[in-house]
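Undergrad: Provided below for reference: sequence and predicted model.
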Amino acid sequence: MKIRKDVTVILAIVTAIVIGMIMLFSQGYSSVESYASILKYSLSTAIGRANTINRFVFLLIAGASAAMALGAGASNLGQFGQLLMGAMTSTLIGIYVKLPAALLIPLMIIGGVAAGALWAAIAAAGKKLFGMNEFIITLMLNFIADYFVRYLISTPLKDPGSQWPASRVVSESGILPAVGLIDSVVFLMIAVYIAAVYFVRKSRMGYEFRVMGFNSLFARVGGCDTDKNFFRAMLLSGALAGLLGTMMIVGATQQHRVISGLGENFANDGLMLSIVAGNNIGSVFVYAILFAILQSGSTGMQLDTGVPSEFTTMLIAITVLSVVAFRSYSGIFIDKLIAWKKTKSLEVEK
Amino acid sequence: MDKKTYIQMKDIVKVYPPDKIALNKVSVEIDAGEIHSIIGENGAGKSTLMKVLFGLEKANEGMIFMEGDKVNISTPQEAVKMGIGMVHQEFMLISDYTVIENIVLGDEPVKKGLLNLNASRVKLEQIMQDFKFDIPLDAKIKDISIAAQQKVEIVKLLFRDVNTLILDEPTAVLAPQETDELFVLLRRIRSQGKTIIFISHKLNEVLEISDRITVMRQGQHIWTKDNENLSKADLANAMVGRSVMMTVEKKPAVPGDVILKVDNLNMQNASVSHKKDLDRVSFEIRSGEILGVAGVEGNGQYELVQAVMGLARAEGGIFIDGQDISGLSVKERRKLIAYVPQDRKRSGSSQEESILMNVIMTHHYVNDEICNKWGFLKGKKCREMADRVIEGYQVSCQGADMNIGSLSGGNQQKVIVGREFELDSRILVVDQPVRGLDVGSIEYIHKRIVEKRDNGEAVLLASADLDELFNLSDRIIVMYNGKIVMEKSIETTTKEEVGAYMLGAGGEKGEN
């Protein structure tokens, strides 16, 4: 069972890579060279590796946020909005609250996480009170958060020194230092990810989440409080998105300010990661590594081979489709094969 | 053989992916103008065989001959063209359409691009007259009884000039009196030269109606015999492959104190304002007693179970040991009530998850053994419990990590029953616990239900199967239109009496 799944995933990824090669070839690029330069820039140098790791953890938490909700059957598509509200809140704290780093950073994290959770809670409440579908509300809240933040950073909170809409930079004590080339938020985020996986896999509530993701009615009949769990899953998912937003402010390699569209890529990638991982929070890990390698090597590839860096975005999308297609079809295909063999074996008896 | 072989199915093989052999080189011959019953346990392959004949399933191997000619039937449309029609267990009718609209659907007479029902009406009325049907052509399907809907399905086939009618367990949805009526009709259809293939596992009925009987077991053809000097035991032994007890052995009940008390329970129908799904329902169940709830489907039994479990809102009192639980959540109620729901795939299990994940449901919060006080599951204890259920309830599988969806229906149900019976409950609510299961599993699950009773639990058994109710119940209530219309101890009533009350013929108890 397990091995069959792994084989399917590997086949799917190989298929995606081959499709990518065909596309490169059709445009007159050397596919081998392009892939090699992705690996070269993302893994072979110290800076490349650090860049890949930094990107990886952001993808990891984005994926965990999406999988936390989707894996419990709660369609939270509002990571972008939740992330932005988290980033905005922690930025405000970082600008206006004067405290030493040891107090300020935790406060920023708490504020960002709470804001993300609150933004998700609005959607959850909309479902509970008015029976609205959460995926519509979360999508709409993305727009509201986006334009609200755009307003804030282009008018009342605009950095006078900036030509484009951007908030001011948070104070020095609101920035976590790097450890060598690695952003120290990496460690924090990996710890959070491990805790989240442990929670989903081992806790009673995580068990209920997982069952709800597969069959909510069964969970309800079994006595799980599905309404409350839905709320909790939304909150946790929003909290993780809010954390991600905060990390985009306090991280040493980040810009320490809110700019328009901040984190939108991560939010989208997070949803893709969750889908490709079958909404299984533990499986997000592997795919986040893959995504991070492709993304962090893309600019280098463009330098070396002239292949536009957007190619990797496309390759990621192909990978997602390929894995999902293989996963859906492999069962059917293998079953048909076994059925055919069985029929033949009956023939022999005759 | 003096009769002419009409349909011959030869060496049919059907393997359901991945490797379930549903039909293993099955050969059957159907004569023209006979009522031919195909019997077998659930999963014996009788429905699959008929689906192959009707073009719904594609056989992996084998041939079909009609009047000696080899034919290829790959869709139901082709089957109908060749004169073969099938009435499924689930009716294929549109409830908001009238009878005549449903009958002509798919074969509508058209005049200048507009529907011209009158063209069909003449032909239909001729059919109705020939076969003495009494269904109102212009009534909507939703306003006529299940038995009448079944007749509509039959007329639908006759309207398409079908010569062979396949009826898949037609009596499963009927009360005894309706079954008698159906049989009269079937004999009349036969007398007009049509062939009828009757699928069933009810032995009395098969013996009553058939000219010839084919027995299937585990995808194989066992024998085909003329219906002469055959007994129920002959059929049962051939179906199961060994001699079976036809009834569950149980000691007389020793009822104790009242455990479950339902007092004046009312439930409003969600769509029709003047209709009540539950209408002043009151009863008690004592410790060590099985209360059977009978009724034609859709008369409130399902809603009653839902109300007791807290899954649907109802007005009125529900008491356990004298404590009113009507305000309690499902979660709180599940601490006292073990529940086997009727819909095993949706309510009873999560099909895409492992046996392990399915087994710990509900236990994960009532049983401190498998979950520590900080809310984390104990992996080893969970696995032990899954293994205990697999072993203790004879689930045939390759370990607790298998998806429950890949097990047979009987084994899935054993997992569910095992999970629920392992709960430390006071009350057991079982809703159609053995529907669709093989005889072996039925026997086993029935035995465990009686065990629960003997251990002093109060058992509520809702079932559409009178044999099951009479085998297990100590007392029986009959529901009709949301009301309890009869309550008797099992010794003082008969299936015929219960059947009459199920149809609403027995008057209504508690009517003002």
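TA: On my side now, so go ahead.

Undergrad: Residue 312: what's it in contact with?
TA: Chain wasn't specified; assuming chain A. A:Ile38, A:Leu294, A:Gln295, A:Gly297, A:Ser298, A:Met301 (C-beta atoms under 8 Å, 6 or more residues apart in numbering or on different chains). Glycine gets a C-beta too; all of them are placed from N, C-alpha and C.

Undergrad: nope, chain B
TA: B:Met267, B:Glu303, B:Gln306.

Undergrad: make it 6 Å
TA: B:Gln306 (C-beta atoms under 6 Å, 6 or more residues apart in numbering or on different chains).

Undergrad: Give me the distance between it and chain A.
TA: 11 Å (C-beta to the nearest C-beta, to the nearest Å).

Undergrad: Kindly confirm whether my reading is correct that B:Ile127 touches B:Leu157.
TA: No - the criterion here is C-beta atoms under 6 Å, and B:Ile127 misses it with B:Leu157 at 10.1 Å.

Undergrad: higher neighbour count, these two?
TA: Neighbours per residue, other C-beta atoms under 10 Å in any protein chain shown: of B:Ile127 and B:Leu157, the larger number sits with B:Leu157, 23 against 16.

Undergrad: how about the nearest residue to that one, chain neighbours excluded?
TA: B:Gly85 (3.5 Å; C-beta to C-beta, 6 or more residues apart in numbering or on different chains).

Undergrad: OK, contacts around the one you found?
TA: Taking C-beta under 6 Å, 6+ apart, one finds B:Leu157, B:Val162, B:Leu165 in contact with B:Gly85.

Undergrad: I'd like those residues as a markdown table, with secondary structure and pLDDT appended.
TA: Shown next, in a markdown table, are these (DSSP: H, G, I helix; E, B strand; the rest coil; pLDDT from 0 to 100):
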| residue | secondary structure | pLDDT |
| --- | --- | --- |
| B:Leu157 | helix | 88 |
| B:Val162 | coil | 90 |
| B:Leu165 | strand | 92 |
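
Undergrad: Next, count neighbours for the nearest residue to A:Ala74 once chain neighbours are set aside.
TA: Computed as C-beta to C-beta, 6+ apart, the closest residue to A:Ala74 that is not its neighbour in sequence is A:Ala233, at 4.6 Å. The number of residues packed near A:Ala233 is 27, by other C-beta under 10 Å.

Undergrad: What is the neighbour count of residue 43?
TA: Picked chain A for this. 13.

Undergrad: oops, chain B please
TA: Around B:Gly43 there are 21 residues (other C-beta under 10 Å).

Undergrad: do A:Lys158 as well
TA: Residues near A:Lys158, counting by other C-beta under 10 Å: 16.

Undergrad: mind listing what's buried in stretch A:178-194?
TA: A:Ala178, A:Ile182, A:Asp183, A:Val185, A:Val186, A:Leu188, A:Met189, A:Ile190, A:Val192, A:Tyr193 (16 or more other C-beta atoms under 10 Å in any protein chain shown).

Undergrad: Low-confidence stretches in chain A?
TA: Applying pLDDT under 70 to chain A picks out residues A:1-3, A:347-350.

Undergrad: At the contact with chain B, which residues of it appear?
TA: Residues of chain A lying close to chain B by C-beta under 6 Å from any C-beta of the partner chain are A:202-204, A:207, A:211, A:214-215, A:217-218, A:221-223, A:225, A:335-336, A:338-339, A:342-343, A:346.

Undergrad: Low-confidence stretches in chain B?
TA: B:1-3, B:17-19, B:242-247, B:436, B:506-512.

Undergrad: Next, name the residue at the spatial heart of it.
TA: B:Arg435 (5.0 Å; C-alpha atoms, centre = their mean).

Undergrad: can you tell me how far that one sits from B:Met502?
TA: Separation of B:Arg435 from B:Met502 (C-beta to C-beta, to the nearest Å) stands at 17 Å.

Undergrad: And A:Gln163, by the same measure?
TA: 82 Å.

Undergrad: The residue of the stretch 101-250 of chain B found nearest chain A - how many residues pack around it?
TA: Chain A sits closest to B:Gly219 of the stretch 101-250 of chain B, with a gap of 10.1 Å, by C-beta to the nearest C-beta. Neighbour count of B:Gly219, defined by other C-beta under 10 Å: 23.

Undergrad: so who does it touch?
TA: Contacts of B:Gly219 (C-beta under 6 Å, 6+ apart): B:Ile21, B:Ala22, B:Leu23, B:Asn24, B:Gly45.

Undergrad: and residue 307, how many residues sit next to it?
TA: Picked chain A for this. 23.

Undergrad: that's the other chain; I wanted chain B
TA: 24.

Undergrad: From B:Ala79, how far off is the closest residue to B:Ile166 other than its chain neighbours?
TA: Residue nearest to B:Ile166 in three dimensions, not counting chain neighbours: B:Met86, with 4.1 Å by C-beta to C-beta, 6+ apart. To B:Ala79, B:Met86 is 8 Å away according to C-beta to C-beta.

Undergrad: Now for these two: what residues contact both?
TA: B:Phe54.

Undergrad: Between those two, which is the more surrounded one?
TA: B:Met86 (25 against 22).

Undergrad: Mind listing the strands the one helix or strand the more buried one maps to pairs with, and their directions?
TA: Following DSSP states H and E, one finds B:Met86 within strand B:84-87. Next to strand B:84-87 in the sheet, as set by DSSP bridges, lie strand B:164-168 (parallel).

Undergrad: Using PDB, write out the CA atom coordinates for the helix or strand that the strand it pairs with is followed by.
TA: Note on strand B:164-168: by DSSP H and E, the next helix or strand toward the C-terminus is helix B:176-191. Taking C-alpha atoms only, helix B:176-191 is exported to PDB below (Å, rounded to 0.1, in the frame of the first residue of the first chain):
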ATOM      1  CA  PRO B 176     -46.400  -9.200   3.000                       C
ATOM      2  CA  GLN B 177     -49.800  -8.300   1.500                       C
ATOM      3  CA  GLU B 178     -48.200  -6.300  -1.200                       C
ATOM      4  CA  THR B 179     -45.900  -9.200  -2.100                       C
ATOM      5  CA  ASP B 180     -48.900 -11.400  -2.600                       C
ATOM      6  CA  GLU B 181     -50.400  -8.900  -4.900                       C
ATOM      7  CA  LEU B 182     -47.100  -8.700  -6.800                       C
ATOM      8  CA  PHE B 183     -47.100 -12.400  -7.300                       C
ATOM      9  CA  VAL B 184     -50.500 -12.500  -8.700                       C
ATOM     10  CA  LEU B 185     -49.400  -9.800 -11.200                       C
ATOM     11  CA  LEU B 186     -46.200 -11.800 -12.100                       C
ATOM     12  CA  ARG B 187     -48.200 -14.900 -12.800                       C
ATOM     13  CA  ARG B 188     -50.500 -12.900 -15.000                       C
ATOM     14  CA  ILE B 189     -47.500 -11.600 -16.900                       C
ATOM     15  CA  ARG B 190     -46.200 -15.100 -17.300                       C
ATOM     16  CA  SER B 191     -49.500 -16.300 -18.700                       C
END
